[in-house]
Structures are given as C-alpha cells and as structure tokens.
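1. just a sequence and a predicted model for now, questions to come.
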Amino acid sequence: MTGFVKNAWYVAGWSREIDAELRRVTLLNEHVVMFRKSDGSVVALEDRCPHRLLPLSKGKRIGDTVQCGYHGLTFDCSGQCVRVPGQTNLPASAYVQAYPIVEKHDIVWIWMGDPAKADPETVFDMPEFSDPNWAAHQGDALHLKSNYLNVAENLVDPAHVSFVHPTTLGSSASENVPVHVRTEGEAIVAWRWIRDAKPVGFFKAFGGFAGNVDRWHYYYLYTPCTAVIDFGSIDTEKHCAEEDRDQGVRIFALHFMTPVTETHTIDRWMHLRNTAQDDPEAADRMDAMFRKAFAEDQEILEAVQQEELRPAKRRPIRIAIDKGPLVYRKRINDLLELERTEDLASDPSPAFVYHD
Ligand SMILES: [Fe+2]
C-alpha cells in the first residue's frame, strides 16, 4: 500500500451529516471528532484524549468545549485543554490536534496535514456550482471496501463503462473506441467521443433523443481524491465540437473520495446538470441510475481489492487505456515523496530529555 497524501483538502462529510452532536469521522487512518459549534461552524479535533486516550467522541459537549468521558479533561475548539479537574495548572502537553475546516457548497472539507499549509482558496470548486443554468444535487456516501487508488483509477477510466455499465452509462458500441489522455493544469483528463451511435440508457431517459447521438466522456481526476466526470449527448447532426458540449445534455458526476483506511474508501457522489434544473424528480431518477451504476463499480472494486490482498504471483500487466491511472499513480507517489522529504527536513530528531 502506498500511503496517504496529507497536505490536501478531503471531504469529511456533506454538510447535512454534521450537526451539534459529537461525531467520529475516520480519515487517512486517523480518528477525528467533529461537531457544529453554537455559531454553526464546524470543528474537527483529534479524537483521542492525550491523558488515557479515550476518544473524545465518547465524552460530551459543554457549550463549545468537549469534555472527556473518563476524567473530565476539557478542550476548546482550538484543541487546547481548558480544564483538568482536581488541579489548577494546565500542562502544556494537554492539547489535541485541531484540523482546518472549510464548508463550501454544502460540503465540509478538512485538511489532514500541516495546518500552516491549509489554504481555503484551494478547496475544490467549479463555476457551475454558482451558475443558474445548472442545478447541483447531492447523492450518497458510498462505502467501498477498497483502497482509494483503485477507486481513483476507476474514475479516470472511460473504457470500463462499456463492460461494467452496459445498461446505464455505456454500451457495446463503444468497446473499441480509443481513450485519449492529457493533463490540463491540475487535472488528468481521459476522454473519448462515441460518434453517431444510439443513445445509452441514461440519455434515453433524460435526453429525449429520437435518433443517433454523439456521446462524450471526459474524466477529470484531481490529485489526490476528487474526480469530475463530464458526460453528455447531443444530436449527431449538430456535429458538436469539443468546446460546445454545453449545447448538449451535459452532466457532471462528481466523486469526492475519502480514504478511511487502506482498504476502505468513502465515495461521496453528486451531480451538476444543465437539464431539468427545476425538476427534483429528475434528480431522484438520475440518482437511481447512478446508484445502479456505482453498485456495479463497487462489486468490481471490492473484488479487485480482495485479489490485491492475496499473495502476488506477478505484476499486473498494463494496456493502452491505463495511461490516465499511470499518470495519477506517479503524481501520488511524487506527492508522498515530497511530504516524506519535508517531514524529514522539519524533524530534527531531538535528543532524549528527561524531566522529573
Ligand atoms: Fe464505473
């Protein structure tokens, strides 16, 4: 297993998932306790009392502080201990880590790395979130028993839809259409057009197309864990150019991957659409199709993970459509190496000191 990039914004939950109650959230193998303060903002603290290690999520909120359920040590929203029952002095080491949080477009983002590097301006955004021609709709939080790298690879891979999603997102007509890959700023983009073919299930349901369509899939993957799948269809007779995709029925399926452990990833998915914007029932029907498709992905990704955990006989082979995943894995490895190097540089390994 490769490890986790820490200096990045990860989705800790949809806004609706976080309320005034203490809630344990696990990300990158770390337990975090989250809640909403009295002013409505979200707090995230290390979920482990520094005294006897009881998770703070087993304690209780007192105003905007958290009291440990074992001996009553109490921590404020910055993680500082403000009370140790039975004594007046507060040890300098009595604190828990506080994690930077940004809430945007009804999504709660958390920074798991060095707080000094957390820049709210770098939280993922798309202009369509604020565009009245587009509707945004949150779906589910899908728990996948698979490493996030496997999930991410699936989300930069238009080729699999012909085989994994034959009734919703793909069809056999696209099996042999080559995939192109390029990088575009921060994103790795894998895409292909299927020209002059019958509409697939999704666009039969939502496009109202009578004849053949041109269908596109653009998979944008942002390291470490955000994927945007731009897919749509348009009448073949319109001879749509790449830059005119807004003229068709266009959907962005967004996937925010949250690595929980090495073998567990939460995929929170939602969509943005330029059709049926004022029709919540259309959103629900789209969700039903997405659920069907993503359950198909889940079966594949969990089975792949099971095989990865078994003794390897040889290295997996690579084929032409793997270019996107290969670029992604290289970027992740580069980021992990960078963070390892920075950690070494910032840790002077102080000599052991003993104080009575
Ligand atoms: Fe898929």
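-> Alright, I've got the coordinates. Numbers count the residues shown, from 1 in each chain.
2. what about the protein, any weak spots by pLDDT?
-> 1, 347-356 (pLDDT under 70).
3. may I ask you to name the longest strand in it?
-> strand 249-261 (DSSP state E).
4. buried ones in that one, by neighbour count?
-> Buried residues in strand 249-261, counting neighbours by 16 or more other CB atoms under 10 Å, are found at 249-261. Where C-beta positions appear, they are placed from N, C-alpha and C, glycine not excepted.
5. what's the answer for stretch 288-303, then?
-> Buried residues in stretch 288-303 (16+ other CB under 10 Å): 289, 290, 293, 294, 296, 297, 298, 301.
6. out of these, which are inside helices?
-> Counting by DSSP state H, these place 289, 290, 293, 294, 296, 297, 298, 301 in helices.
7. so the second one touches residue 267, yeah?
-> Translated: residue 290. No: assessed by CB atoms under 8 Å, residue 290 is found out of contact with residue 267, at 10.8 Å.
8. any common contacting residues for the two?
-> Here residue 290 and residue 267 share no contacting residue, scored by CB atoms under 8 Å, 6 or more residues apart in numbering.
9. may I have the strands that pair with the longest strand of the chain, each with its orientation?
-> strand 226-235 (antiparallel), strand 264-273 (antiparallel) (DSSP bridges).
10. residues contacting the first one, please?
-> Where contact means CB under 8 Å, 6+ apart, the residues beyond strand 226-235 that reach it are 124, 126, 152, 155-156, 169, 187, 199-200, 202-203, 207, 209, 211-222, 240, 245, 247-257.
11. returning to what we had before: closest to residue 283 among the buried residues of strand 249-261?
-> Distance to residue 283, by CB to CB, is smallest for residue 251 among those, at 10.8 Å.
12. mind listing what the closest one touches?
-> 202, 230, 231, 232, 271, 272, 273, 274, 275, 286.
13. separation between the first one and residue 211?
-> Meaning residue 202. Computed as CB to CB, to the nearest Å, the residue 202 to residue 211 distance reads 17 Å.
14. these two - which one has more neighbours?
-> Neighbour count, other CB atoms under 10 Å: between residue 202 and residue 211, residue 202 has more, with 23 against 10.
15. mind checking the SS state of the more buried one?
-> Look at residue 202: counting by DSSP: H, G, I helix; E, B strand; the rest coil, its state is helix.
16. show me what contacts it?
-> With contacts defined as CB under 8 Å, 6+ apart, residue 202 is in contact with 168, 169, 231, 251, 286, 289.
17. switch to 10 Å and redo it
-> 165, 167-170, 215, 231-233, 249, 251, 286, 289-290, 293 (CB atoms under 10 Å, 6 or more residues apart in numbering).
18. one step back: which of the contacts of strand 226-235 count as buried?
-> Of the contacts of strand 226-235, these count as buried by 16+ other CB under 10 Å: 124, 152, 155-156, 169, 187, 199-200, 202-203, 207, 209, 212-222, 240, 245, 248-257.
19. okay, now the residue nearest to residue 70 when sequence neighbours are not counted: neighbour count?
-> Excluding its sequence neighbours, the residue lying closest to residue 70 (CB to CB, 6 or more residues apart in numbering) is residue 54, at 4.4 Å. Per other CB under 10 Å, the neighbour tally for residue 54 reads 16.
20. gap between residue 54 and residue 106?
-> 32 Å.
21. excluding its backbone neighbours, what's nearest residue 160?
-> residue 154 (6.6 Å).
22. ugh, wrong one, I meant residue 104
-> residue 123 (5.6 Å).
23. hmm, that neighbour is touching residue 9, no?
-> Yes: using CB atoms under 10 Å, residue 123 makes contact with residue 9 at a distance of 5.1 Å.
24. return the list of strands paired to the host helix or strand of residue 193, each annotated with direction.
-> Following DSSP states H and E, one finds residue 193 within strand 187-197. Here strand 187-197 is paired, per DSSP bridges, with strand 180-184 (antiparallel), strand 213-222 (antiparallel).
25. can I get those strands in JSON lines with distance to residue 45?
-> Formatted as JSON lines, the strands paired with strand 187-197 follow (distance: least, CB to CB, whole Å):
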{"stretch": "strand 180-184", "distance to residue 45": "37"}
{"stretch": "strand 213-222", "distance to residue 45": "27"}
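26. to residue 112, which of those strands lies closest?
-> When the strands paired with strand 187-197 are compared by CB to CB, strand 213-222 sits nearest residue 112, at 16.3 Å.
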